[in-house]
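>>> give the three-dimensional model of this entry:
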Amino acid sequence: MTENGTKHVNALLLELGGKMGIPALSLDGRGARSLRIGGRVFTLQYVEQRDELYCICTVGELSPEWDRRAAAQTFLLDRNCFFRGVGIGVLGVRKGESDIFYTVRFPCSGLEFQEFESLFQAIVTAAGKIAGQLDEAVAATGEKSGAAAGFSDGICGLRV
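Numbering: from 1, shown residues only. Just a heads-up that it's a prediction; the model follows:
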């Protein structure tokens, strides 16, 4: 990490921590810090090469049940298309894993505390809304019959 970039991000985190009642909030040796807010863990990761801060939060999980998994994947694709309901972030899943992440990145250079605080509050709010909407989208699959959902006839949902 660059010393100036790290110092700047740590100064932002120190001020944020002061407002949150978390003294000495700063990046660890890997340039990261995690915070639990409203039952969710938000990880802040400073990327030196880009002088950017990433905020990453798990907002859900892909179900092993095919129809619920498909509903979650459809939700992800729909929301990422034209950034519908995700603000300046994106939703994604790592290959081979089931956690659904909401990720936002923003430049650190010239970032003032008020802007940082507003961005962070917006990310926390958006993550909560996205998680609730994802839960609703997945739960709605249980309300449909197999025929209405299109999964009962044919192989793999294809009607013959």
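>>> point to the residue nearest the middle of this protein.
Y102 (1.5 Å; CA atoms, centre = their mean).
>>> quick check: phi and psi at that residue.
Main-chain torsions, Y102, degrees, to the nearest 10: phi -110, psi 120.
>>> beta partners for it?
Legend: beta-bridge partners of Y102 under DSSP bridges are C57, L91.
>>> any idea of the pLDDT on it?
Listed pLDDT for Y102 reads 97.
>>> would you check that it makes contact with L91?
Yes: using CB atoms under 8 Å, Y102 is in contact with L91, at 5.8 Å. (Glycine included, C-beta is placed from N, CA and C.)
>>> give the contact list for I130.
59, 79, 85-86, 91, 102 (CB atoms under 8 Å, 6 or more residues apart in numbering).
>>> so which one among those has the lowest pLDDT?
Among the contacts of I130, G85 has the lowest pLDDT, at 83.
>>> skipping adjacent residues, who's closest to that residue in space?
For G85, ignoring the flanking residues on the chain, the nearest one in space by CB to CB, 6 or more residues apart in numbering is R79 at 5.2 Å.
>>> the one you found: which element?
Per DSSP states H and E, R79 falls inside helix 66-80.
>>> and that helix, which residues are buried?
Neighbour counts over helix 66-80 (16 or more other CB atoms under 10 Å) mark 67-72, 75-76, 79 as buried.
>>> then stretch 9-26?
By 16+ other CB under 10 Å, the buried positions in stretch 9-26 come out as 9-10, 12-13, 16-17, 25.
>>> would you check which pair of these lies furthest apart?
The largest separation in the buried residues of stretch 9-26, counting by CB to CB, is between V9 and G17 at 12.1 Å.
>>> now the longest helix seen in the chain: average pLDDT?
Longest helix of the chain, by residue count under DSSP state H: helix 113-139. For helix 113-139, mean pLDDT is 95.
>>> okay, the angle between it and helix 66-80?
Here the directions of helix 113-139 and helix 66-80 differ by 150 degrees (axes from the mean of the first three to the mean of the last three CA atoms, to 10 degrees).
>>> contacts only, for the residue nearest to G85.
Applying CB under 8 Å, 6+ apart, the residues near R79 are 85-86, 91, 130.
>>> no further questions, thank you.
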